[in-house]
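In: give me a 3D structure for the following:
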Amino acid sequence: GGGEEVAEADTAEEGEPGAEGETPGGEGEEEVEEGGGEGEAEEEEATEVKAELTVEEEVDLAVDFLGAVLGPIVVGRDPRQQAALDKALTDAVQAHTDAGESQPKPPKFSAMVTLGLSVALCRAAAASGPGGVVGHVAQLAGNTRPVIPVPAFVLINGGSAGDNAQLNLRSVQIMPTGAGTFADAWKMGSSTFEALRGLVREQYAGDLLKVGATGGLVPSASGPEAVLSLVAEAVEAAECTGKLKLAVDAAGADLYDPENDSYRQNVTDEAGSRPTEDLTAHYETLCSDHGVVSIRDPFAAQSLESLAGLTAQGTSQVVVRTGGESSGAAAAAQLLEGKACSALSLQMRDLGTVSDALDVARQAQGTRCGLVISHPPGSVSDTFAADLAVGLSAGLADFGAPRAAGLLCDRLRTLEAEAVLPFAGAGYRFVEWA
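Out: Now for the predicted structure:
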């Protein structure tokens, strides 16, 4: 079912460059010394062997949990009761977590399983209505104006997402806000990416085949300034000057050193030596000198004061991901209350259910905060993220590089053509639900 598909496909961690097709987690078995006794000693050894499971074993457990625990909750129920069923699913996972040894413990990928089942319920309910998944999501959210988002295409990967530690940015992106339609935006993104490939071939010939975690190129540039200049050349070569805006994913959490309450110069440094003030000044330079208009995760999620300070300056859109250690509606409420961002980023892998996305989107809408739907390329062969972005009228969709995001982009182009939906364009910062 849908839960199994999501559970299996989402096991690859985002941010592992060059690991496509590999299975994270290693062998998952520890060596057990020979010559052990019998009885308790053998049981102890067996426990040690099973202490670390392979990804495949974890997925098998998740699928078993789906069939034995979660499946019976929804069988025979009306899928249109999304909120009630999603709550029942999350309550069941929590109950098994709290029960200790008396109940089967939820597997590592239980959140992915609940999301897959929640998405399946959403699709089942949408099948009985006229508006498809987009229309159903919009109805659940209370949105009467679905909009096609502007794609934030990744051109370059660095930091933890690319084999270039000197580039302390996870990615550099372009946003075709000057396009009239999504179809035109995709063409602009693709042509700029190809122009960039040509420049990398000329200036960094040995790096042409390097590809980062989200599909971007990985040139051996000396730092953010050099990379942004390279992207500016590509934009001009693609004849898209004035139609594209620049964005960066700073991935502040990757650089943050909690022991010293400072930031590393790059991801390979053992300790942080860069104060928040210096990093803020760095972002200001990227905006003023290189035209960056959107910065994602500039600081660690817990640095609310620093995030609020950068947001208040208004020189760029500050996008903060509601995931990882800071996940869900409660985390979104904290960010919004502290005015610590101008846009919330929802990543599919961080969601437990569809209702989680609806809750965060409603909060963002109520405070006139922007919304970004993010989904790492290649993690699933599924287009629900595209339907979700349109149904919630997200201003931006972050699906990776133009080629890597092909499946999701094709879905957005189809929705635009079939449903005659408007394109967010220059209004990407905030799209108001009518």
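
In: from residue 65, how far off is residue 74?
Out: To residue 65, residue 74 is 14 Å away according to Cβ to Cβ, to the nearest Å. Quick note: C-beta positions are derived from backbone N, CA and C, even for glycine.

In: and the two? Which one has more around it.
Out: Taking other Cβ atoms under 10 Å, residue 74 and residue 65 do not tie; residue 65 has more neighbours (24 against 19).

In: residue 310 reaches residue 296, doesn't it?
Out: No - Residue 310 is not in contact with residue 296 according to Cβ atoms under 8 Å; the separation is 11.7 Å.

In: in this structure residue 296 contacts residue 252, no?
Out: No - with contacts counted by Cβ under 8 Å, residue 296 stays clear of residue 252, the gap being 9.1 Å.

In: just how off-centre is the top helix by length along the chain within its chain?
Out: When the chain is parsed with DSSP state H, its longest helix is helix 182-203. Taking Cα atoms, centre = their mean, to the nearest Å, the mean C-alpha location of helix 182-203 is offset from the chain mean by 22 Å.

In: so which bits of that helix are buried?
Out: 182-183, 185-193, 195-196, 199-200 (16 or more other Cβ atoms under 10 Å).

In: still on that earlier bit, so which of residue 310 and residue 296 has more stuff around it?
Out: For residue 310 versus residue 296, the count of surrounding residues by other Cβ under 10 Å is larger for residue 296: 27 against 24.

In: so who does that one touch?
Out: 247-251, 319-321, 345, 372, 398 (Cβ atoms under 8 Å, 6 or more residues apart in numbering).

In: separation between it and residue 127?
Out: Residue 296 is 35 Å from residue 127, by Cβ to Cβ.

In: distance of residue 59 relative to residue 89?
Out: Distance from residue 59 to residue 89, counting by Cβ to Cβ: 18 Å.

In: and residue 170, by the same measure?
Out: 32 Å.

In: with neighbour numbers in mind, choose between the two.
Out: The neighbour count for residue 170 versus residue 89, taken as other Cβ under 10 Å, is higher for residue 170 (30 against 25).

In: per-residue pLDDT of that one, please?
Out: Here, the pLDDT recorded for residue 170 equals 89.

In: swap in residue 131?
Out: For residue 131, the model assigns a pLDDT of 89.

In: settle this for me: it is touching residue 144, isn't it.
Out: No - using Cβ under 8 Å, residue 131 is not in contact with residue 144, being 10.9 Å away.

In: which neighbours do the two share?
Out: Shared contacts of residue 131 and residue 144, defined by Cβ under 8 Å, 6+ apart, comprise residue 138.

In: who does residue 320 form a beta bridge with?
Out: residue 344 (DSSP bridges).

In: so residue 169, which of the three states?
Out: Here residue 169 is recorded as coil under DSSP: H, G, I helix; E, B strand; the rest coil.

In: that one: neighbouring residues, count only.
Out: Neighbours around residue 169, by other Cβ under 10 Å: 27.

In: OK, contacts around it?
Out: Contacts of residue 169 by Cβ under 8 Å, 6+ apart are 158-159, 224, 227, 248-251.

In: quick one: residue 124 and residue 81 touch, right?
Out: No - the criterion here is Cβ under 8 Å, and residue 124 misses it with residue 81 at 11.2 Å.

In: which parts of the stretch 51-200 of the chain are strands?
Out: 150-157, 171-175 (DSSP state E, counting those that start in this stretch).
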